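Peer 1: need coordinates for the below:
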Amino acid sequence: MKYIFGLLIISFCSTIAYSQLEEKNVTAIGQFRAQLTQADKLDLRPKLPEIDSIKQNLRYRLIQKDVTIDFKAPTFSVLKVRKEPLPTVYKGYIELGYGTPNQTLGNIQYYTKLMDEKLDIGLKLNHHGLDNSKKVNLMETTQNGGALDATYYLQEGMTIDADLGFDQNKVNFYAIPLEGETQNVDNAEQRFNHYQGSLKFYNGELTGGDLSYYLGTAWNRVTDNFDSKENNFLFEGSLSKYFDNKHLLDVDASADFTNFEDSTTVNQKLNLYTVQPDFTFHANKFYVKGGVNIVFAEDETKIFPEVEILGNIIQEKLSLFAGWKGGVYKNNFMNLTQTNPFLVSNPTLSNSYYLDYYGGAKGNYKKIDYEFKVGFKNVDNLSLFTFDSQDSRRFATLTDTVNIFYLSTTVEIDLIKNLDVILTWNQNAFDSQNEEKAWHLPNTEANLSMNYKMLDDKLSINTDLYLGTGINYINRTNGEADRTGTLFDLSFGAQYWFLEKLGAFVQVNNIADNKFQRWAYYPTTGINIMGGIKARF
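Peer 2: Next up is the predicted model:
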């Protein structure tokens, strides 16, 4: 259509032109020249509008419109989770038992809270007696004791703790007599009375400056029935400061005083003062501890190192550690008689100084916690035990410089639910400077302990196996070195709560009926059985 329309226009224009040419004649008088006329040039440069200096106060009004949203609240369903029952806390505990050979046992404990649980008070009474004189002449021991302690919690975080106690330990000198020697019954009994008390101040939680403090004093008095008496006073304190919640600066100080008198009015004083500053730096995979232990004793000053480093090799599974430290141990009448109750009543008191170099590994592997430690210890004035020249039933002390190579192992196994297994092993090799042997010090001690609970913890079964090599001693007959037999002690025990608050127990010790002599000529009790009842309230 557009082509047809175009042809029509062209045909129409041609017809008009032709009709005009026919009416007029056109005469050309010159050559045609096209020329543009002058035009005004437009200014196209942009211009900014004039600034409006008039200040206008504008008001805005928002129209509030409530929008209704159709929303359906979701519904929640609470899952029922079985709660683990909290262990029941009992204030009181009573244990009464009887066994062979002629054993009696009694334990009472009671704890309570007063003053809105700001004050804790506890009472303990205990008794254990054994009379085996029908099998071994004069073999009889009795232990009685009691203690009262109180702890008070202040609002500022300070805690005050105080306790008073008394223990009495009675033994007989029942050592196997030498040939031709009779046992003297009149002076066969040895009885120790131990009085003790303490008062402590410390913070139960960190202060605002990440500080921890401790200040305490303790008093101990020991007497026997041979007119020996000793008083010990201890004053100690410590201050700890944490940096960046992990680095620890610790300063400990103490003053320890001992005054001992025996029946001959001989007076011995054994006083020492210690100051021990150290700093522990904790990193992600290791820590380093460094410090010193300064000891003032016997009119001289000794400085011992305090260095330890631990590196985490495999996270929680393996850590290696090494250390070098030293210190002092007080051989007063209280400590010596707690180690050997058959001691003479006028021993020579002394301080033992030691340097300990050690290293080892510890960690956890498949529910097995372990620690292996090996070391070398040099000890000056180490107390050894030999027989008294005036009474062959009793022991006297002598001191020597001894090098000790040792190996210790502790393994705790928790592979089976409700079964706890603990293995400990200590091996010592003694090298005495003056004495032929380290008299009456154990070389090898090993213990395997197992405890299994069942029937919702109503029934508990325990087994202990204790092994020990012979003890070196001086034979009373010929004065030469001798050795006691090997210890093999297997024990078994069980307790069952047939009611919530009432149960029964049985304990069988030394099933192999071993007559091991921890102290030469003093055999231990053979097989013995104890049974009784327990109550809690």
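
Peer 1: Pro341 looks like it's in a strand, true?
Peer 2: No - using DSSP: H, G, I helix; E, B strand; the rest coil, the secondary structure at Pro341 is coil, not a strand.

Peer 1: hmm, it is touching Val171, no?
Peer 2: Yes - taking contacts as C-beta atoms under 8 Å, Pro341 lies within contact range of Val171: 4.9 Å. All C-beta spots, glycine's among them, are computed from the backbone N, C-alpha and C.

Peer 1: please enumerate the shared neighbours of those two.
Peer 2: Gln190 (C-beta atoms under 8 Å, 6 or more residues apart in numbering).

Peer 1: now do the same contact list for Thr401.
Peer 2: Taking C-beta under 8 Å, 6+ apart, we find Thr401 in contact with 378-382, 432-434.

Peer 1: which stretch of helix or strand covers it?
Peer 2: strand 395-413 (DSSP states H and E).

Peer 1: how about Phe304?
Peer 2: Following DSSP H and E, one finds Phe304 within strand 300-314.

Peer 1: got the angle between the following helix or strand past that strand and strand 395-413?
Peer 2: Once the chain leaves strand 300-314, the next helix or strand it forms, by DSSP H and E, is strand 318-331. Using axes from the mean of the first three to the mean of the last three C-alpha atoms, to 10 degrees, the inter-axis angle of strand 318-331 relative to strand 395-413 is 160 degrees.

Peer 1: let me see the contact set for Lys366.
Peer 2: Lys366 makes contact with Leu415, according to C-beta under 8 Å, 6+ apart.

Peer 1: so it: helix, strand or coil?
Peer 2: Classification of Lys366 by three-state DSSP places it in coil.

Peer 1: circling back: put the alpha carbons of the strand holding Thr401 into PDB.
Peer 2: Provided in PDB are the C-alpha atoms of strand 395-413 (Å, rounded to 0.1, in the frame of the first residue of the first chain):
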ATOM      1  CA  PHE A 395      65.300 -48.600 117.000                       C
ATOM      2  CA  ALA A 396      67.800 -45.700 117.000                       C
ATOM      3  CA  THR A 397      68.400 -43.200 114.200                       C
ATOM      4  CA  LEU A 398      71.600 -42.500 112.300                       C
ATOM      5  CA  THR A 399      72.200 -40.100 109.400                       C
ATOM      6  CA  ASP A 400      74.100 -40.500 106.100                       C
ATOM      7  CA  THR A 401      74.400 -38.900 102.700                       C
ATOM      8  CA  VAL A 402      72.600 -41.100 100.300                       C
ATOM      9  CA  ASN A 403      72.100 -41.000  96.500                       C
ATOM     10  CA  ILE A 404      68.800 -42.300  95.300                       C
ATOM     11  CA  PHE A 405      68.000 -43.400  91.800                       C
ATOM     12  CA  TYR A 406      64.200 -43.800  91.600                       C
ATOM     13  CA  LEU A 407      61.400 -44.700  89.200                       C
ATOM     14  CA  SER A 408      57.700 -44.200  89.900                       C
ATOM     15  CA  THR A 409      54.600 -45.100  87.900                       C
ATOM     16  CA  THR A 410      51.000 -44.300  88.400                       C
ATOM     17  CA  VAL A 411      48.300 -45.700  86.100                       C
ATOM     18  CA  GLU A 412      44.500 -45.100  86.500                       C
ATOM     19  CA  ILE A 413      42.200 -47.200  84.200                       C
END
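
Peer 1: which parts of that strand are buried?
Peer 2: Within strand 395-413, the residues scored as buried using 16 or more other C-beta atoms under 10 Å are 395-397, 399-402, 404, 406, 408-409, 412-413.

Peer 1: before we move on, what about stretch 219-226?
Peer 2: Using 16+ other C-beta under 10 Å as the test for burial, stretch 219-226 gives 220-224.

Peer 1: and the helices in the stretch 201-350 of the chain, which stretches?
Peer 2: Assigned by DSSP state H, counting those that start in this stretch, the stretch 201-350 of the chain shows helices spanning 333-339.

Peer 1: re the thing from before, nearest to Lys229, of the buried residues of strand 395-413?
Peer 2: Thr397 (18.0 Å; C-beta to C-beta).

Peer 1: quick one: contacts for the closest one?
Peer 2: The contact partners of Thr397, by C-beta under 8 Å, 6+ apart, come to 331, 336, 343, 347-348, 383-385.

Peer 1: output stretch 500-512 as CSV, nothing but the C-alphas.
Peer 2: The C-alpha trace of stretch 500-512 is given here as CSV (Å, rounded to 0.1, in the frame of the first residue of the first chain):
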residue,chain,number,x,y,z
GLU,A,500,19.1,-46.7,102.0
LYS,A,501,20.7,-45.8,105.3
LEU,A,502,21.9,-49.1,106.6
GLY,A,503,24.5,-51.5,105.2
ALA,A,504,27.1,-54.1,106.1
PHE,A,505,30.8,-54.7,105.2
VAL,A,506,33.4,-57.3,105.3
GLN,A,507,37.2,-57.0,104.9
VAL,A,508,39.7,-59.9,104.6
ASN,A,509,43.4,-58.8,104.8
ASN,A,510,46.6,-60.7,104.0
ILE,A,511,44.8,-63.7,102.5
ALA,A,512,48.2,-65.4,101.8
